[in-house]
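Asker: here is my input; please provide its structure:
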Amino acid sequence: MYSDVLLATDGSECARAATSHAVDLAATYGATLHALYVIETRIGYDSDIVDPATIEDDLRAEGESVLEAVDAECRARDVTLVDRIRKGVPEQEIADYVETEGIDIVVVGTRGTSAFKTILLGSTSEALVRDLSVPVVLVSEDDETTPDA
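Answerer: I've put the predicted structure just below:
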């Protein structure tokens, strides 16, 4: 049914719950798990105070750490992982990845790392549900996923 599952992750509590769900889904169907971390480009900051390159380096390091945790969970479940870091507007980068990689289903947390950003920018998960042509599974941090042993 599913051969390519996409986990869109930002390292938030919801994204960690979504990771368990996505790994379980990939393990159940023998699918490849694609994990995507997007470095947000809509974040505003005062470039006289903070160097934009430093911010991007920090976010890239955070993304690498998040994807390492996904990799560890995949190895524990014998799930094939393809991980990527992209830079841009999350819902646009996720939609592009879905199209170019032939993704069958997307798993994403209901809330990201910043509630304030969600209010200002709109919900990435809401945009994905509205705009993608493949199923989108929304996972809250309260969701419990019990992996098959």
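Asker: rest of the way, CA atoms for contacts and neighbours
Answerer: Noted.
Asker: what about the chain, any weak spots by pLDDT?
Answerer: Low-confidence segments of the chain (pLDDT under 70): 42-48, 111-122, 142-149.
Asker: now do the helices in it.
Answerer: 13-29, 52-77, 90-101, 115-121, 124-131 (DSSP state H).
Asker: any chance of those in TSV with mean neighbour count and distance to Val108 as columns?
Answerer: Shown next, in TSV, are the helices of the chain (neighbours: other Cα atoms under 10 Å; distance: least, Cα to Cα, whole Å):
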stretch	mean neighbour count	distance to Val108
helix 13-29	23	6
helix 52-77	16	13
helix 90-101	17	10
helix 115-121	11	14
helix 124-131	16	7
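Asker: and these: which comes nearest Glu141?
Answerer: Glu141 lies closest to helix 13-29 among the helices of the chain, at 4.2 Å (Cα to Cα).
Asker: the closest one to helix 52-77, inter-axis angle?
Answerer: Per axes from the mean of the first three to the mean of the last three Cα atoms, to 10 degrees, the angle that helix 13-29 makes with helix 52-77 is 40 degrees.
Asker: which strands and helices sit next to helix 13-29?
Answerer: In terms of contacts (3 or more Cα pairs under 8 Å, 6 or more residues apart in numbering; DSSP states H and E), helix 13-29 is packed against strand 4-8, strand 32-40, helix 52-77, strand 105-109, strand 136-139.
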